[in-house]
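Undergrad: here you go, sequence then predicted model.
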Amino acid sequence: MDDLVPERQALRRGSHARRQTRGPFKRWLETGALETEAEFRDGKLEGRKVEWYANGRKKSEGNYHANLRQGACSHWLESGEIDPANTGNFVDDVKAP
């Protein structure tokens, strides 16, 4: 079943089973701009997740397994500069040295 907000513009869309998001998930800002695109399994982030700022610049991109960052992940500041503290290779949500 799609999760829609009928009194306003549709802000979220995804499948739910037992109140757990699963499959493709998208969330939009009230302006209509895409804010988040992700994949869920059993209510947890699983696979690629991409987020954008309201100004349209990419905020983050990375892979997840059971809600934890895995592998190459990037994060940008709203100015467009790379955020080195949150960019790199991750294992179980911990940045590899």
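TA: Cool, got the structure.
Undergrad: continuing past the helix or strand of the chain with the lowest mean pLDDT, what's the next helix or strand?
TA: Every helix and strand in the chain was compared by mean pLDDT, DSSP states H and E; the lowest is strand 12-17, with a mean of 56. Helices and strands here follow DSSP states H and E; after strand 12-17, the next one along the chain is strand 20-28.
Undergrad: chain neighbours aside, what residue packs nearest to the residue sitting nearest the centre point of the chain?
TA: By Cα atoms, centre = their mean, the chain has its centre lying nearest to residue 49, at 4.0 Å. In space, and not counting its chain neighbours, residue 49 is closest to residue 38: 4.0 Å by Cβ to Cβ, 6 or more residues apart in numbering. Using the backbone N, CA and C atoms, a C-beta is placed for each residue, glycine as well.
Undergrad: what's the answer for residue 77, then?
TA: residue 83 (5.4 Å).
Undergrad: which residues touch the one you found?
TA: By Cβ atoms under 8 Å, 6 or more residues apart in numbering, the contact set of residue 83 is 75-77.
Undergrad: where does the prediction get shaky in this protein?
TA: 1-20 (pLDDT under 70).
Undergrad: host element of the residue nearest to residue 49?
TA: Judged by DSSP H and E, residue 38 forms part of strand 34-41.
Undergrad: for whichever helix or strand comes after that strand, buried residues please.
TA: Where DSSP H and E defines the elements, the next helix or strand beyond strand 34-41 is strand 44-52. For strand 44-52, a neighbour-count test (16 or more other Cβ atoms under 10 Å) marks 45-46, 49, 51-52 as buried.
Undergrad: again, but for stretch 61-76
TA: For stretch 61-76, a neighbour-count test (16+ other Cβ under 10 Å) marks 61-65, 69-70, 73, 75-76 as buried.
Undergrad: okay, how far is it across that stretch, tip to tip?
TA: Stretch 61-76 has an end-to-end distance of 9 Å (Cα to Cα, to the nearest Å).
Undergrad: how far out from the middle of the chain is that stretch?
TA: 9 Å (Cα atoms, centre = their mean, to the nearest Å).
Undergrad: lovely, talk soon.
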